[in-house]
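the sequence and its predicted three-dimensional model are supplied below.
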Amino acid sequence: MTTYTLHTKDTAPDNAKPLLENSQSAFGMIPNLHAVMAESPELLKGYQLLHELAQKTSFNADELTVVWQTINVEHECHYCVPAHTGIAKSMNVSDELIEALRNAEELKDSKLNALRNTVLAVTRGRGVIGDKEQKAFMDAGYTAQNMLEIILILSQKVMSNYTNHLAETPVDEAFEKFAWEPKK
């Protein structure tokens with residue numbers, strides 16, 4: 001089994017040190033995910049860029065949370081579900097929406113539920129979804145831009161979810177209270 005290092009600014013490869021400083025500035029800590037990713041400065045840099053771009057999409061806080069958490073739950077990411085629970089709370093997303101997403105439940109808001117269903121279809125189909133699913137998404141009020149933004153965010157989540165699976169990244173202390181396990 002491969003062992004993955006939780007790097008600090010002192011132990012990280014030189015090209016990763018400024019990236020970890022960015023993490024420290026942005027989050028007030030170096031998230032364990034970033035500490036693992038620092039082994040590959042290119043991965044960490046790409047992840048940070050995609051995270052920044054995800055926050056600049058046309059999605060509001062609720063929609064962004066729906067996309068992030070739907071993918072995290074579908075990928076059964078033990079690290080990202082708790083982390084994005086904390087992030088959602090900091091973005092003033094309702095506890096009702098957060099819990100429904102964590103429990104893979106249908107959402108009460110029909111537009112958000114259409115978004116969730118589309119994210120699941122894109123994730124499960126690896127980008128191949130039918131006309132019926134695309135029409136339901138557009139009929140809910142979303143656009144081609146939104147569909148492509150799902151791809152952007154999915155790319156970000158593949159980087160983090162897969163890294164966490166490989167490294168068995170420990171959940172940060174700040175997010176331990178939001179611990180999560182997939183439904184069996």
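Great, that's in hand. Numbering: from 1, shown residues only.

got a list of what Glu106 touches?
Going by Cβ atoms under 8 Å, 6 or more residues apart in numbering, Glu106 touches Ala100, Asn113, Arg116. In short, each C-beta sits where N, CA and C put it, glycine included.

what about the last one, how many residues nearby?
Arg116 is flanked by 23 other residues according to other Cβ atoms under 10 Å.

in the protein, which spans are helices?
Using DSSP state H, the helices of the chain run over 17-27, 32-37, 41-55, 61-74, 80-90, 95-102, 110-124, 131-139, 144-167.

tell me the most buried of those?
Highest mean neighbour count of those: helix 32-37, a mean of 26 (counted as mean count of other Cβ atoms under 10 Å).

so which elements touch that helix?
helix 17-27, helix 41-55, helix 144-167 (3 or more Cβ pairs under 8 Å, 6 or more residues apart in numbering; DSSP states H and E).

in PDB, could you pull the C-alpha coordinates for the first one?
What follows is helix 17-27, C-alpha atoms only, in PDB (Å, rounded to 0.1, in the frame of the first residue of the first chain):
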ATOM      1  CA  LYS A  17       5.100  25.800  -0.700                       C
ATOM      2  CA  PRO A  18       3.500  28.900  -2.200                       C
ATOM      3  CA  LEU A  19       0.400  26.900  -2.900                       C
ATOM      4  CA  LEU A  20       0.100  25.800   0.700                       C
ATOM      5  CA  GLU A  21       0.600  29.400   1.700                       C
ATOM      6  CA  ASN A  22      -2.400  30.300  -0.500                       C
ATOM      7  CA  SER A  23      -4.400  27.500   1.300                       C
ATOM      8  CA  GLN A  24      -3.400  28.900   4.700                       C
ATOM      9  CA  SER A  25      -4.500  32.400   3.600                       C
ATOM     10  CA  ALA A  26      -7.800  31.200   2.100                       C
ATOM     11  CA  PHE A  27      -8.900  28.800   4.800                       C
END
